[in-house]
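Novice: All I have is the shape, not the residue letters:
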């Protein structure tokens, strides 16, 4: 096996990202891999690719809402949309990059706590306050994270991660990369699983 | 069971449509349903929705080519792209609507022959000649079809079918509707299968 990581790219504002995040760690573990949590900013990517948020597209938007809800029901996962949706995910993204301290396999607990606040509870993780509150439930010191969210180095780290995602061809959320093989979409997880089982085809 | 049909919407220029078409009849049969073959024109839909062909989109285009080829390999189906791609699918679409004569469950053989010419062999079905040649292999009289392709009534039938697809919220190819439940994408076929097995969830 060339690598032991499975790269999981996601935007915190992506409901499909949430649904996939709920499954990815168990999937990776079944194949002896660790998840590299790679939050990025879809808004920045869309500026480069001309994409736009799914739920704002004609017809596709209505469909995707319905499909998200249907997918959640099938997975038996709660799904509630925050009042403001899609929302700015930069604070949540920076919080995770700071917490990881350079180790992308770290801070999975923060990722899941943030995602669940947003999409299981329909809570706010767009504001710094929302992010700080979720982090507080994990015992993360408020003052340290508050400073980190304004730290130029953390901002720069986040900017570089988003750039790196674009360079690897990531254009949507969630997006899994196994070695150099890309898989876009929560609905591709069964394909990822078969790919890992067989070592490709 | 409310209906015995399974509506299969597709554009002849869609490789994912081809991959799904190869599976849809067996899937429907497993659940006691007949396929209603509903070719439409994605180009007309895109004019309404602002969509654009998948393979022409930055990043997503490269990915989708790769994913189409990977999907075909997994399904053990041949996949060759016609020299000109995406291509105009209006002649193929009209040919099927004419051949069906109002019965959407008819002309499955023509659908598959056209799709295979395009994507198993990489042949031309954009031109009237290409369509006539494929139809000829099924014993369809050339003169009759040639006239049909120019028949205002056939053109009108096709226009109405595309309009009806849009009214049902069809924005991509393939697109399956089971009763009023919509499923977009070849990768949703396993979901359609589970939906039919359980009668929804």
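Specialist: Yep, it's here. Note that the coordinates shown come from a computational prediction; the quantities given were computed from them, not determined experimentally.

Novice: Contacts for stretch A:189-198, please.
Specialist: Under the criterion CB atoms under 8 Å, 6 or more residues apart in numbering or on different chains, residues A:6, A:20, A:23-24, A:27, A:30-31, A:33, A:176, A:178, A:181, A:183, A:201, B:70, B:74, B:187, B:190 lie in contact with stretch A:189-198. Every residue, glycine included, has its C-beta placed from N, CA and C.

Novice: Okay, buried residues for it please.
Specialist: By neighbour count on 16 or more other CB atoms under 10 Å in any protein chain shown, the buried set for stretch A:189-198 is A:189, A:191, A:192, A:195, A:196.

Novice: And the pLDDT at the first one?
Specialist: Per-residue confidence for residue A:189 comes out at a pLDDT of 97.

Novice: Would you agree it falls within a strand?
Specialist: No - when DSSP: H, G, I helix; E, B strand; the rest coil is applied, residue A:189 is found to be helix, with no strand at that position.

Novice: Could you pick out which of the contacts of stretch A:189-198 are located in helices?
Specialist: Cross-referencing these against helices under DSSP state H gives A:20, A:23, A:24, A:27, A:30, B:70, B:74, B:190.

Novice: Which one (most neighbours) among those residues?
Specialist: Using other CB atoms under 10 Å in any protein chain shown as the neighbour test, the ones in helices among the contacts of stretch A:189-198 are led by residue A:20, with 27 neighbours.

Novice: Please give the centre-to-centre distance between the helix or strand bottoming out on mean pLDDT in chain A and its chain.
Specialist: Of all regular secondary-structure elements in chain A, judged by mean pLDDT, DSSP states H and E, the least confident is helix A:42-49 with a mean of 90. How far helix A:42-49 lies from its chain's middle: 15 Å, per CA atoms, centre = their mean, to the nearest Å.

Novice: Also stretch A:122-140?
Specialist: Between the mean C-alpha point of stretch A:122-140 and the mean C-alpha point of its chain there is a distance of 16 Å (CA atoms, centre = their mean).

Novice: What of stretch A:102-117?
Specialist: Its chain's C-alpha centre and that of stretch A:102-117 lie 9 Å apart, by CA atoms, centre = their mean.

Novice: And for stretch A:134-150?
Specialist: For stretch A:134-150, the distance from its own C-alpha centre to the chain's C-alpha centre is 19 Å (CA atoms, centre = their mean).

Novice: How about the residues of chain A by chain B?
Specialist: Chain A comes close to chain B at residues A:48-51, A:57-60, A:62-63, A:66-67, A:70, A:73-74, A:166, A:169-172, A:182, A:184-185, A:187-188, A:190-191, A:194, A:201, as judged by CB under 8 Å from any CB of the partner chain.

Novice: repeat that for 7 Å
Specialist: Along chain A, the residues adjacent to chain B under the rule CB under 7 Å from any CB of the partner chain are A:49-50, A:57-60, A:62-63, A:73-74, A:169, A:171, A:182, A:184, A:187-188, A:201.

Novice: Okay, now the unreliable bits of chain A?
Specialist: A:1-3 (pLDDT under 70).

Novice: ok, 50 please
Specialist: Filtered on pLDDT under 50, chain A yields the residue ranges A:1-2.

Novice: Which parts of it are helices?
Specialist: Taking DSSP H as the criterion, chain A contains helices spanning A:15-30, A:42-49, A:60-75, A:90-100, A:108-119, A:128-137, A:142-150, A:152-167, A:189-198.

Novice: Residue B:41: which of the ones you listed is closest?
Specialist: Judged by CB to CB, the one of the helices of chain A that comes nearest to residue B:41 is helix A:60-75, at 17.1 Å.

Novice: name the helices or strands packed onto the closest one?
Specialist: Applying 3 or more CB pairs under 7 Å, 6 or more residues apart in numbering or on different chains; DSSP states H and E, one finds that helix A:60-75 contacts helix A:15-30.

Novice: what's the helix it packs on in contact with?
Specialist: Residues outside helix A:15-30 that contact it (CB atoms under 7 Å, 6 or more residues apart in numbering or on different chains) are A:6, A:8, A:10-11, A:34-35, A:68, A:71-72, A:75, A:77, A:79, A:108, A:111-112, A:115, A:118-119, A:173-174, A:185-186, A:189, A:192-193.

Novice: Can you turn the buried part of those into a ChimeraX selection?
Specialist: Typed into ChimeraX, the line below selects the buried ones among the contacts of helix A:15-30, using 16+ other CB under 10 Å:
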select /A:6,8,10,11,34,35,68,71,72,79,108,111,112,115,118,119,173,174,185,186,189,192
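
Novice: which one is residue A:50 nearest to, not counting chain neighbours?
Specialist: residue B:58 (6.6 Å; CB to CB, 6 or more residues apart in numbering or on different chains).

Novice: Please report phi then psi for that neighbour.
Specialist: With angles defined as degrees, to the nearest 10, residue B:58 sits at phi -60, psi 140.

Novice: and what of residue A:103?
Specialist: Taking degrees, to the nearest 10 as the convention, residue A:103 sits at phi -100, psi 100.

Novice: What residues sit buried inside the least confident helix or strand of chain A?
Specialist: Within helix A:42-49, the residues that count as buried by 16+ other CB under 10 Å are A:42, A:43, A:44, A:45, A:49.

Novice: quick one: which two of the residues you listed are the most distant?
Specialist: Counting by CB to CB, the most remote pair of the buried residues of helix A:42-49 is A:43 and A:49, 11.1 Å apart.

Novice: which stretch among the helices of chain A comes nearest residue B:125?
Specialist: That would be, of the helices of chain A and by CB to CB, helix A:60-75, which comes in at 26.7 Å.

Novice: what angle separates that closest one from helix A:108-119?
Specialist: Per axes from the mean of the first three to the mean of the last three CA atoms, to 10 degrees, the angle that helix A:60-75 makes with helix A:108-119 is 120 degrees.

Novice: who touches helix A:60-75?
Specialist: With CB under 7 Å, 6+ apart as the contact definition, helix A:60-75 has outside contacts at A:15-16, A:19, A:54-55, A:79, A:186, B:49, B:169, B:171, B:182, B:184, B:201.

Novice: How far away from the center of its chain is that helix?
Specialist: For helix A:60-75, the distance from its own C-alpha centre to the chain's C-alpha centre is 18 Å (CA atoms, centre = their mean).
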